[in-house]
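Visitor: Below are the sequence and a predicted model; questions follow.
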Amino acid sequence: MPLETVHSDITVVGGGLAGVCAALAAARQGMRVSLVQNRPVLGGNSSSEVRVWVCGATAHGVQHYARETGIMGELFVENQFTNPEGNPYYWDLVLLEAVRAEPGIELFLNTDVREVDADGPIEDRRIRSVSGWQMGSERRLQFCSAAYIDASGDGLVGFLAGARYRTGRESRDEFQESWAPESADAETLGSTILFYVKDVGYPVKYVPPSFARDITETSIPTLREIHEGANGCDYWWIEWGGDRDVVADNEEIRDELQGAIYGIWDYLKNSGTFDADNLTLEWIGSVPGKREYRRFLGDHVLTQHDVLGQTPFEDRVAFGGWSIDLHPPGGMYATEKGSRHWHPDGNYHIPLRSLYSQNVSNMWMAGRNISATHVAFGSTRVMATCGVIGEAAGIGAALSTRRGCTPRELATDYFDDVRRAIVRADASVLGVRHDDPADRAVTARATASSQLTVLGATTSAGTWELTSALGIVVPVDPAMEGLELLIDADRDTELVVDVHTVSRPQNYVPHEKVVSSSVQVTAGAAQWVTVPVRWHPDSPQNAFLVLRANPSVVVHTSSTPLPGVVTLTYRELAREERYTEQWRAWKQVLHRRAPCLRLAPATDAFSAEKAIGGYARPWAGPQMWVSQPLSMDPEPHLDLSWDQPVTIGEVAVIFDDDLDEDLINLHHHRTPFDVLPTLVRDYRIEVVDKAGRRAVIAEITANRVRHRRHRLPNPVTAMALRLVVTGTNGAHQARVVSLRAWAPED
């Protein structure tokens, strides 16, 4: 067969979420991208072929205001609208349509890369091309690019190119990781195959195949959860192969997993223990979902200490928040629990230096093959985190290609370029200030028609018994002088409130108590009481208020959520759970609701200035402009003005899509609305020229996304710019995270 050569700026090998996000990110930076995927669908382990739900930094709601933004966030929000029932085939379409909508991407499905042409000494290798075979069309394809992103999961491209890598587990002494084994070994996390069940409404028999495992001869019935209502990822623990080579032994692993599934189904259907007469197997996977294989070495190896200590890397480009989640090598046949978890106190950072090869000068890594120890990989491996890593790698590859520099040079000499590109893309990065001079908004005066100044909810729609401590996280900007609570008391008693700091700007767990206050309460219903808690932090930050348990007190609750407020309750941990750290004792409650409270004095946490420069996601506070309720300000507007005229080529708006709402592609849990209520629905953008003339440059209805970019075919010169909000998707106020006025691009 003749060899066809495909030329592009960047070749991305692997069409899982890491590869999809990398390709989209690079294309949006103006690159021509070849996206090469060896399966007929995109999505990797999240696709309809494998059907693993997409987990990320929210950790199923354990972490707060943690949902990913950027491309991964777009995919979540789009899936919520187009696929509210969590259909795995519709999720495939969300990914496919995102890729097809990007004109800079050429997609090659069913294309298996098998050869890599690389040269140079081992210390400085360079990939010249990668080649493969497109099944079905019988085409031999060679991909030639300036840069390559290995998002293949197993890391075949880097392996063939001679990139340094590791597999298995490091010894405890090498990185002083408490969860590493005493001695290094080759064990990894295993692979998984899932299955779906359907109730057909009448009895269906099941005759197991000859190779079905008799699971009564294993530890599965006693140590793993089996029930007739389970489906898909409920069976995440069907895992095997961690003590094998998950690539070399892939076929054996698939056969064992399928034999176990047919045996589990035999146990469900025919043991007489379950109400399963009307159930039948609707789908069983045929492709093992791999968790772990090669991890390439970059200029930084992410460790357990970086995850749990939330190391604030100067070159941070992505974040995670999932627990360090490690499984026994024996998988489903192990005699210990199927997994153990160690959560960081909040989201942690991932540096650019972990996303490129230390010895292949034009290779980036994206996904589960980044530079991390086995223990740290236990957190970074989940797919939404792989997606944000992919976006960062795509941006990095694009910028290094444009500059003609190596990834290492980009990370050390030109990192400001990366930081500003990531912020402009609204990608998932924490605590990076937006100060790009190309955004004329950062030099503007910001004002608004109104702003939310009193953080409070006063209308009772229910109650919460204070039988255990109640935690309320609130933004303090600039100070707190008192807390009013609407309560019932069945006798005269004392209500005690403690104020704690949080250890980092992205955390929502108590760290250090700074003040305690109490108030005597008389018996009575629906009474407002004032607790004189006073705290004047040096800078705006979140406070964790603890209402100590008092079984004589009931706190009234509101059906209206409050921006920036999280409510949690405390539970004692069982002794065997304590390795997960004490903070997991705090669990969120009153989600999409709030306690009836009022904070004093007036807050600056929602001022117009918060939407200019600063941070584009919660960081020591909500970091957004919030108007007064629409009943008081029916058409709120946010204004920018300059002393001298500025030229604008693009206006971008980032709206609040409630990053505390934990979305998931296949709906491990159901989010009750297709469009996030906090998003602005209808708006217009106006500019005022030097002569004082006002013109509308954009008018949008039915918006349902977070990041809207309005590129102007003809740049405008303006003295002022106004964003007018004329409707929301349900929120009672207008909420704007960031308003940007970009100079025309050269």
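Guide: Good, I have the coordinates.

Visitor: what about the helices in the chain?
Guide: Along the chain, counting by DSSP state H, helices occupy 17-28, 70-82, 88-100, 156-161, 172-175, 220-223, 250-270, 304-309, 374-380, 383-403, 407-413, 415-424.

Visitor: Could I get the ones you listed in JSON lines, plus columns for mean neighbour count and distance to V130?
Guide: Where you see a C-beta, it was placed from the backbone N, CA and C, and this is true even at glycine. Putting the helices of the chain into JSON lines (neighbours: other CB atoms under 10 Å; distance: least, CB to CB, whole Å) gives the following:
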{"stretch": "helix 17-28", "mean neighbour count": "32", "distance to V130": "13"}
{"stretch": "helix 70-82", "mean neighbour count": "23", "distance to V130": "23"}
{"stretch": "helix 88-100", "mean neighbour count": "18", "distance to V130": "19"}
{"stretch": "helix 156-161", "mean neighbour count": "24", "distance to V130": "6"}
{"stretch": "helix 172-175", "mean neighbour count": "14", "distance to V130": "32"}
{"stretch": "helix 220-223", "mean neighbour count": "14", "distance to V130": "41"}
{"stretch": "helix 250-270", "mean neighbour count": "20", "distance to V130": "21"}
{"stretch": "helix 304-309", "mean neighbour count": "22", "distance to V130": "31"}
{"stretch": "helix 374-380", "mean neighbour count": "27", "distance to V130": "24"}
{"stretch": "helix 383-403", "mean neighbour count": "28", "distance to V130": "14"}
{"stretch": "helix 407-413", "mean neighbour count": "19", "distance to V130": "17"}
{"stretch": "helix 415-424", "mean neighbour count": "19", "distance to V130": "25"}
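
Visitor: Among the ones you listed, which comes closest to V680?
Guide: helix 70-82 (13.5 Å; CB to CB).

Visitor: can you list contacts of the closest one?
Guide: 17, 20-21, 24-25, 54, 56, 67-68, 90-91, 93-95, 98, 384, 387-388, 390-391, 425-428, 657, 663-665, 671, 674-676, 704-707 (CB atoms under 8 Å, 6 or more residues apart in numbering).

Visitor: Recalculate using a threshold of 6 Å.
Guide: 21, 24, 91, 94, 384, 387-388, 391, 425-428, 663, 665, 674, 704 (CB atoms under 6 Å, 6 or more residues apart in numbering).

Visitor: ok, now stretch 609-619?
Guide: Here stretch 609-619 has contacts from 65, 426, 431, 434, 441-442, 446, 505, 623-625, 654, 736-739, using CB under 6 Å, 6+ apart.

Visitor: By mean pLDDT, flag the weakest helix or strand of the chain.
Guide: Ranking every helix and strand in the chain by mean pLDDT, DSSP states H and E puts strand 340-342 at the bottom, with a mean of 90.

Visitor: How far off centre is it?
Guide: 19 Å (CA atoms, centre = their mean, to the nearest Å).

Visitor: packing partners for it?
Guide: For strand 340-342, the packing partners by 3 or more CB pairs under 6 Å, 6 or more residues apart in numbering; DSSP states H and E come out as strand 324-326.

Visitor: Which strands or helices does the strand it packs on pack on?
Guide: strand 340-342, helix 374-380.

Visitor: any idea how far Q733 is from A526?
Guide: When distance is defined by CB to CB, to the nearest Å, Q733 is 26 Å away from A526.

Visitor: now V204
Guide: Per CB to CB, V204 is found 55 Å from A526.

Visitor: Who has more neighbours out of those two?
Guide: V204 (15 against 12; other CB atoms under 10 Å).

Visitor: Just to check, the more buried one is in contact with D277?
Guide: No. Look at V204 against D277 with CB atoms under 6 Å: they stay out of range, at 7.3 Å.

Visitor: just to revisit the earlier point, can you tell me which of the contacts of stretch 609-619 has the most neighbours?
Guide: Ranking these using other CB under 10 Å puts W625 first, with 28 neighbours.

Visitor: Among the contacts of helix 70-82, which one lies nearest to R711?
Guide: A425 (14.5 Å).

Visitor: okay if I get the helices and strands packed on strand 324-326 as CSV plus distance to R681?
Guide: Shown next, in CSV, are the helices and strands packed on strand 324-326 (distance: least, CB to CB, whole Å):
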stretch, distance to R681
strand 340-342, 38
helix 374-380, 36
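
Visitor: Between the ones you listed, which one is closest to L483.
Guide: strand 340-342 (33.3 Å).

Visitor: what sits up against the closest one?
Guide: S323, I324, D325, L326, T580.

Visitor: circling back to that earlier point, to T560, which of the helices of the chain lies closest?
Guide: helix 70-82 (21.5 Å).

Visitor: orientation of the closest one relative to helix 383-403 in degrees?
Guide: Interaxial angle of helix 70-82 relative to helix 383-403 (axes from the mean of the first three to the mean of the last three CA atoms, to 10 degrees): 130 degrees.

Visitor: CA atoms only for helix 70-82, dumped as CSV, please.
Guide: Extracted in CSV, the C-alpha atoms of helix 70-82 (Å, rounded to 0.1, in the frame of the first residue of the first chain):
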residue,chain,number,x,y,z
GLY,A,70,-12.2,25.6,29.7
ILE,A,71,-12.9,22.8,27.2
MET,A,72,-13.7,20.1,29.7
GLY,A,73,-16.2,22.5,31.3
GLU,A,74,-17.8,23.2,27.9
LEU,A,75,-18.2,19.5,27.3
PHE,A,76,-19.9,19.0,30.7
VAL,A,77,-22.3,21.9,30.2
GLU,A,78,-23.1,20.9,26.6
ASN,A,79,-23.8,17.3,27.7
GLN,A,80,-26.0,18.5,30.4
PHE,A,81,-28.2,20.3,27.8
THR,A,82,-28.2,17.7,25.0
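
Visitor: Buried residues, the least confident helix or strand of the chain. List them.
Guide: Neighbour counts over strand 340-342 (16 or more other CB atoms under 10 Å) mark R340, H341, W342 as buried.

Visitor: mind listing the strands for the stretch 151-300 of the chain?
Guide: 165-166, 191-192, 195-199, 239-240, 279-284, 295-296 (DSSP state E, counting those that start in this stretch).

Visitor: Adjacent strands (with direction) for the fifth one?
Guide: What it means is strand 279-284. Strand pairing for strand 279-284, using DSSP bridges, gives strand 195-199 (antiparallel).

Visitor: how much does the strand it pairs with deviate in direction from helix 250-270?
Guide: Here strand 195-199 points in a direction 20 degrees away from that of helix 250-270 (the same axes, to 10 degrees).

Visitor: Please state the offset of strand 195-199 from the chain centre?
Guide: 29 Å.

Visitor: what does stretch 727-742 give?
Guide: 21 Å.

Visitor: neighbouring contacts of that stretch?
Guide: Contacts of stretch 727-742 (CB under 6 Å, 6+ apart): 438-441, 611, 616, 624-627, 629, 636, 638, 648-654, 656, 675, 677-682, 721, 723, 725.
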